[in-house]
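[1] sequence first, predicted coordinates after that:
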Amino acid sequence: DNVFSEKQMRLLTEPLYSSWKPGRPFVAMANVGLFYGVDLPPLVPDALLSVDVRLPEDLFPKMNRSYMIWKYGRPPDVVIEIVSNKRGGEDSHKLTGYASARIGNYFIFDPEHHLSKQTIRCYRLRQTELVLDKSGDRLRVPSLGLELMLWSGRYEETDSQWLRWATLEDGLIPTGREQAEIEAKRAEIEAKRAEIEAKRADAAELENAKLKALLREHGIQ
């Protein structure tokens with residue numbers, strides 16, 4: 001694909017491994033084959049997220065190189081497609097395929113509006129079809145405590161509008177680099193706080209010493 005899509009795929013997976021702590025096992029993948037029928041060709045979503053599943057210990061056997069629904073025991077909870085042209089079929093044959101795969105939450109991110117005036121669309125599985133969600137909660141995945149949000153900023157030396165994960169409680173899920181910066185800033189604040197407390201303690205000890213000296217001068221023990 002293109003460089004933007006490659007970076008965007010990574011931004012939808014790496015922060016989950018670096019900073020998300022759901023208390024449940026999960027896998028997040030980018031550009032990996034999704035097999036949903038033994039005799040059916042795979043779909044290859046740009047990103048997927050599946051909870052309560054684990055990666056096989058050995059990733060090299062052929063059966064472990066893709067997301068085979070019958071092997072993992074369940075379809076992914078979320079699939080995301082990034083539109084880069086008008087030929088990808090994200091809202092046509094892929095939409096039908098993901099419905100057949102029983103994907104509960106399907107998001108189409110269309111930053112250049114190739115297929116729609118909407119930058120991001122969400123489809124929810126309703127019985128056997130994926131139906132466009134027009135509600136105010138269209139970017140949320142409540143069962144996972146997550147939501148998708150559009151974020152304008154700098155990622156890997158590139159300024160753009162990106163699609164990112166956030167938690168419903170704490171907001172944006174930081175990348176590994178952002179998390180390191182947060183921890184460094186927190187450590188710096190703690191060090192300054194400790195320095196202030198130490199100076200306060202030294203000042204209090206000095207004042208106490210002065211008071212004792214003054215009392216001795218006046219014969220008061």
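    Okay, I see it. Numbers count the residues shown, from 1 in each chain.
[2] buried set for stretch 69-89?
    For stretch 69-89, the neighbour count (16 or more other Cβ atoms under 10 Å) marks 69, 72, 75-84, 88 as buried. Where you see a C-beta, it was placed from the backbone N, CA and C, and this is true even at glycine.
[3] what strand or helix carries residue 32?
    Residue 32 belongs to no helix or strand when assigned by DSSP states H and E.
[4] for residue 131, see how far away it is.
    Residue 32 sits 26 Å away from residue 131 when distances are taken as Cβ to Cβ, to the nearest Å.
[5] quick one: which of those two has more around it?
    Between residue 32 and residue 131, residue 32 has the larger neighbour count (other Cβ atoms under 10 Å), namely 16 against 13.
[6] got the phi/psi numbers for that one?
    Backbone torsions for residue 32, taken as degrees, to the nearest 10, come to phi -110, psi 140.
[7] and it, what is it in contact with?
    44-45, 48, 66-67 (Cβ atoms under 8 Å, 6 or more residues apart in numbering).
[8] isn't residue 68 right up against residue 37?
    No. If you go by Cβ atoms under 8 Å, residue 68 and residue 37 don't touch, sitting 9.9 Å apart.
[9] for the two, indicate the residue with more neighbours.
    Neighbours were counted for residue 68 and for residue 37 using other Cβ under 10 Å; residue 68 has more, 17 against 13.
[10] apart from its neighbours in sequence, what residue is nearest the more buried one?
    residue 35 (4.4 Å; Cβ to Cβ, 6 or more residues apart in numbering).
[11] ok, the one you found - contacts?
    42, 66-70 are the contacts of residue 35 under Cβ under 8 Å, 6+ apart.
[12] and the gap between it and residue 58?
    18 Å.
[13] do the same with residue 34
    20 Å.
[14] neighbour count for those two, which is higher?
    Remark: of residue 34 and residue 58, residue 34 carries more neighbours, 23 against 8, as counted by other Cβ under 10 Å.
[15] who does the residue positioned nearest the centre of the chain bridge with?
    Among the residues of the chain, the one closest to the centroid is residue 165, at 3.7 Å (Cα atoms, centre = their mean). Taking DSSP bridges as the rule, residue 165 bridges to residue 148.
[16] so it sits against residue 150, correct?
    No. If you go by Cβ under 8 Å, residue 165 and residue 150 don't touch, sitting 11.8 Å apart.
[17] follow-up on the earlier one: residue contacts, the residue nearest to the centre of the chain?
    Counted by Cβ under 8 Å, 6+ apart, residue 165 has contacts 12, 15-16, 20, 146-149, 172-173.
[18] how far away is the residue lying closest to residue 30 once chain neighbours are set aside from residue 81?
    Take residue 30 and drop its neighbours on the chain: the residue closest to it by Cβ to Cβ, 6+ apart is residue 9, 3.8 Å away. Look at residue 9 and residue 81: by Cβ to Cβ, they are 10 Å apart.
[19] now do the shared contacts for the two.
    Common neighbours of residue 9 and residue 81 (Cβ under 8 Å, 6+ apart) are residue 46.
[20] helix/strand/coil for residue 197?
    helix (DSSP: H, G, I helix; E, B strand; the rest coil).
[21] neighbours around it, how many?
    Around residue 197 there are 10 residues (other Cβ under 10 Å).
[22] then residue 99?
    Neighbours around residue 99, by other Cβ under 10 Å: 18.
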